[in-house]
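> Have a look; sequence and predicted model below, questions after that.
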Amino acid sequence: MRTKFPDTSRRREDVIQALEAMKAGDADWQGGRVPLFVFKGSDTATELTRDAFSLYFSENALGRARAFPSLQQMENEIIDMALDLFHAPADAAGFVTTGGSESIIQAVQTCRDYNRAKRSAPTHRGNIVMPVSGHPAFDKAARLMDLEVKRIAVTGDFTADTDAMDAAIDRDTIMLVGSAPCFPFGVFDPIEALAEVAQRHDVWLHVDACVGGYLAPFVAASGRSVPAFDLGIAGVCSMSADLHKYGYAPKPISTVFYSAPAYAEHHGFEFHDWPNGRFATTTIVGTRAGGPIAGAWALFQHLGRDGYTAIADELMSGMETYRSGVADIPGLKVLGDAALSIVSVGSDDVDIFRVAELMQQQNWVPGLLQQPKALHRMMSMLHVASMPDYLGDLAAAVDRVRAEGGDAKIQAEY
């Protein structure tokens, strides 16, 4: 039955009580039982972002140039600091968006329009060549813009097959895609090798660093090995990186960058033919919340390189504990050489989806891969404290599945 619009008002206390009652049925993400969606750096970072968000609770970033210049200043400084972090050329440019999908869609649109201008072909369709491990946002962009996507099988170590992608390029190819890291397996595609291919074919290369962009530089600063991936690599034309993941900013906020002004000039939208005159945005959406911008800016100022590096060091120590714990459970294996905080765990002798069902019965929300079947977790500091409990329940679930046999009913879903 459809919910009816209320006829009368309710007391504030009653409304809050109703919200709390509904929320009580949600998964315990604060206890680390949700494998993605929510991210934490530290308690102080969370408190700061909440306060900064509240200061800009009502401000609309659509009006940042005319009414809220402080938001414009913060956006400009966020982009400048990020370009510094990502070794960008001096004339590189960037924009704040509302999420990774929007960053990717805008990069694809910018690439398409740049290529149409370069070819003097305003209706050229074009295609994107990318690994099967690349994010579905590229397919969403292609559907919106009537582009073709060629998804190429990955290698045995789950990274992009550079030779196969090279062979798939044709005269209509406008973009290559590499991930840093990819979402399914947490492995870095060989960005330097893809950049060489892109330069040889004069094709745009986009690096999807939505997951790793604001974590990888600080993991490297902690003394760990991280593959090269950013705007400092010749041949990288654009890059996306989410601030609401390992930048720990309030949702929703992301960034997209272009290594040259000739690319960036195709990013924005302008329209003049209506009664109000010029309408211009640098995002697909119009109205945007000011709170996430303030939260991201505040965190950059509060944590700095040393603060982010300290969090990355602690998180990666937790990840090392996790991998070691998985290795101690007979029959389980980590898929690929995951460099950061995404780890997928498979098995050759137990039904890993049945393991997931048993973990769900213990109130763990299972993250899953379909091909190959695996448990998938994208971890932050929310998960470090609960890791002993998770590993204990995981070992017990594997033992039970091995003893009982049978097939799982659960299905993989993002």
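Ah, there it is. It should be emphasised that the depicted structure is a prediction, and the values quoted were computed from it without experimental measurement. Numbering: from 1, shown residues only.

> Next up, the contacts around the closest residue to residue 144 other than its chain neighbours.
Spatial nearest neighbour of residue 144, chain neighbours left out: residue 105 (6.8 Å); criterion: Cβ to Cβ, 6 or more residues apart in numbering. In short, each C-beta sits where N, CA and C put it, glycine included. Residues near residue 105 by Cβ atoms under 8 Å, 6 or more residues apart in numbering: 137, 140, 141, 144, 284.

> Listing request: residues of this protein with sub-threshold pLDDT.
For the chain, applying pLDDT under 70 flags the ranges 406-414.

> Which parts of it are helices?
For the chain, the helices defined by DSSP state H cover 12-23, 43-55, 69-85, 100-119, 137-145, 162-168, 191-201, 216-221, 261-264, 291-327, 352-361, 381-384, 387-404.

> gap between the second one and the chain center?
Yep, that's helix 43-55 we're talking about. Between the centre of helix 43-55 and the centre of its chain there are 21 Å (Cα atoms, centre = their mean, to the nearest Å).

> what angle sits between that helix and helix 69-85?
With axes from the mean of the first three to the mean of the last three Cα atoms, to 10 degrees as the criterion, the two stretches helix 43-55 and helix 69-85 enclose an angle of 140 degrees.

> and if you look at the longest one?
Between the axes of helix 291-327 and helix 69-85, defined by the same axes, to 10 degrees, the angle is 40 degrees.

> Quick one: list the elements packing against helix 291-327.
Contacting helix 291-327 under the criterion 3 or more Cβ pairs under 8 Å, 6 or more residues apart in numbering; DSSP states H and E are the following elements: helix 43-55, helix 69-85, helix 216-221, strand 332-334, strand 342-347, helix 381-384, helix 387-404.

> So which bits of it are buried?
291-300, 303, 307-313, 315-316, 318-319, 322, 325-326 (16 or more other Cβ atoms under 10 Å).

> Tell me how far the closest residue to residue 206 other than its chain neighbours lies from residue 66.
Residue nearest to residue 206 in three dimensions, not counting chain neighbours: residue 238, with 4.7 Å by Cβ to Cβ, 6+ apart. The gap separating residue 238 from residue 66 is 28 Å, by Cβ to Cβ, to the nearest Å.

> residues in contact with residue 298?
Contacts for residue 298 (Cβ under 8 Å, 6+ apart) come out as 48, 49, 51, 52.

> before we move on, the earlier item: need the helices of the chain in a markdown table with distance to residue 340, can you?
Formatted as a markdown table, the entries for these read as follows, by distance: least, Cβ to Cβ, whole Å:
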| stretch | distance to residue 340 |
| --- | --- |
| helix 12-23 | 30 |
| helix 43-55 | 18 |
| helix 69-85 | 16 |
| helix 100-119 | 15 |
| helix 137-145 | 19 |
| helix 162-168 | 21 |
| helix 191-201 | 14 |
| helix 216-221 | 6 |
| helix 261-264 | 27 |
| helix 291-327 | 8 |
| helix 352-361 | 22 |
| helix 381-384 | 13 |
| helix 387-404 | 16 |
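
> quick revisit: want to throw the contacts of residue 298 into a markdown table with distance to residue 380?
Converted to a markdown table, the contacts of residue 298 look like this (distance: Cβ to Cβ, whole Å):
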| residue | distance to residue 380 |
| --- | --- |
| 48 | 16 |
| 49 | 14 |
| 51 | 20 |
| 52 | 19 |
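
> Out of the helices of the chain, flag the one nearest residue 129.
Distances from residue 129 to each of the helices of the chain were compared using Cβ to Cβ; the minimum, 4.9 Å, belongs to helix 162-168.

> and the residue nearest to residue 206, how many neighbours?
Residues within reach of residue 238, counting by other Cβ atoms under 10 Å, total 29.

> try residue 109
Taking other Cβ under 10 Å as the criterion, the count of residues near residue 109 is 18.

> how much space between the residue nearest to it when sequence neighbours are not counted and residue 104?
The shortest distance from residue 109 to any non-neighbouring residue, by Cβ to Cβ, 6+ apart, is to residue 145 (6.4 Å). Taking Cβ to Cβ as the measure, residue 145 falls 12 Å from residue 104.

> I'd say residue 31 and residue 384 touch.
No: Residue 31 lies out of contact with residue 384 (Cβ atoms under 8 Å); the separation is 11.7 Å.

> Neighbour count: those two, which is higher?
With other Cβ under 10 Å as the criterion, residue 31 and residue 384 differ in neighbour count, and residue 384 comes out ahead with 18 against 14.

> check contacts around the more buried one.
Neighbouring residues of residue 384 by Cβ under 8 Å, 6+ apart: 32, 314, 315, 318, 321.

> And the furthest pair within these?
Pairwise distances across the contacts of residue 384 (Cβ to Cβ) peak at 14.2 Å, for the pair 32 and 314.

> one step back: tell me the most packed of the contacts of residue 105, by neighbour count.
Result: residue 141 is most packed of the contacts of residue 105 (other Cβ under 10 Å), 23 neighbours.

> What residues does that one make contact with?
In this structure, residue 141 makes contact with 104, 105, 108, 109, 147, judged by Cβ under 8 Å, 6+ apart.

> Nearest to residue 343 among those?
In terms of Cβ to Cβ, no member of those lies closer to residue 343 than residue 104, at 23.3 Å.

> Residue 48: how many residues sit nearby?
19.

> tell me the contacts of it?
With contact set as Cβ under 8 Å, 6+ apart, residue 48 has these partners: 295, 298, 299, 302.

> show me the contacts for the third one.
Contact partners of residue 299, counting by Cβ under 8 Å, 6+ apart, are 41, 45, 48, 49, 52, 247, 248, 249.

> buried subset of the residues you listed?
Neighbour-count burial within the contacts of residue 299 applies to 41, 45, 48, 49, 52, 247, 248, 249; the criterion is 16+ other Cβ under 10 Å.

> List the contacts of the nearest residue to the fourth one once chain neighbours are set aside.
Sequence neighbours aside, residue 295 is the residue nearest to residue 49 in space, at 3.8 Å (criterion: Cβ to Cβ, 6+ apart). In this structure, residue 295 makes contact with 48, 49, 50, 52, 53, 249, 250, 253, judged by Cβ under 8 Å, 6+ apart.

> Please work out which residues outside stretch 321-338 touch it.
Defining contact as Cβ under 8 Å, 6+ apart, one finds that stretch 321-338 is touched by 157-159, 181, 185-187, 343-350, 369, 372, 374, 377, 379, 383-384, 387, 391, 394-395, 398, 402.
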